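Undergrad: no sequence for this one, just the structure:
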């Protein structure tokens with residue numbers, strides 16, 4: 001069985017990949033979740049309100065308790081805004097591999 005650490009913080013020169021917090025709802029909604037062009041090929045449709053975004057974030061935040069849940073907020077250091085997300089869509093334990101999905105706000 002594959003040992004998985006769950007969503008851990010990763011920092012680069014320009015970005016912080018970290019767990020979502022509920023305070024990210026407004027940035028997430030404004031920067032990409034409400035944009036039908038960004039969400040066109042995702043597994044979920046564009047959000048019609050920031051309240052829907054907050055509901056989804058609450059679900060994701062609960063899942064961080066699971067060591068096999070990987071869902072990072074992409075925070076842009078320059079303005080400290082969440083500009084996108086990266087997540088493990090499917091984990092293949094038998095071959096120790098994963099399918100990764102991501103999306104970024106069009107401005108980024």
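TA: Structure received. Here the structure is a predicted model, which means the values were calculated and not measured.

Undergrad: And the contacts of the longest strand anywhere in the chain?
TA: For the chain, the strand that runs over the most residues, judged by DSSP state E, is strand 81-92. Strand 81-92 is contacted by residues 2, 4, 17, 20, 24, 27-28, 31-32, 43, 68-76, 98-105, 107-108 when judged by Cβ atoms under 8 Å, 6 or more residues apart in numbering. Placement of C-beta: from N, CA and C, glycine included.

Undergrad: what's downstream of that strand, the next helix or strand?
TA: Along the chain past strand 81-92, the next helix or strand (assigned with DSSP states H and E) turns out to be strand 97-104.

Undergrad: That following strand pairs with which strands, parallel or anti?
TA: Using DSSP bridges, the strands paired with strand 97-104 are strand 81-92 (antiparallel).

Undergrad: and the gap between the closest residue to residue 21 other than its chain neighbours and residue 22?
TA: Leaving aside its sequence neighbours, residue 21 sits nearest to residue 61 (Cβ to Cβ, 6 or more residues apart in numbering; 7.1 Å). Taking Cβ to Cβ, to the nearest Å as the measure, residue 61 falls 7 Å from residue 22.
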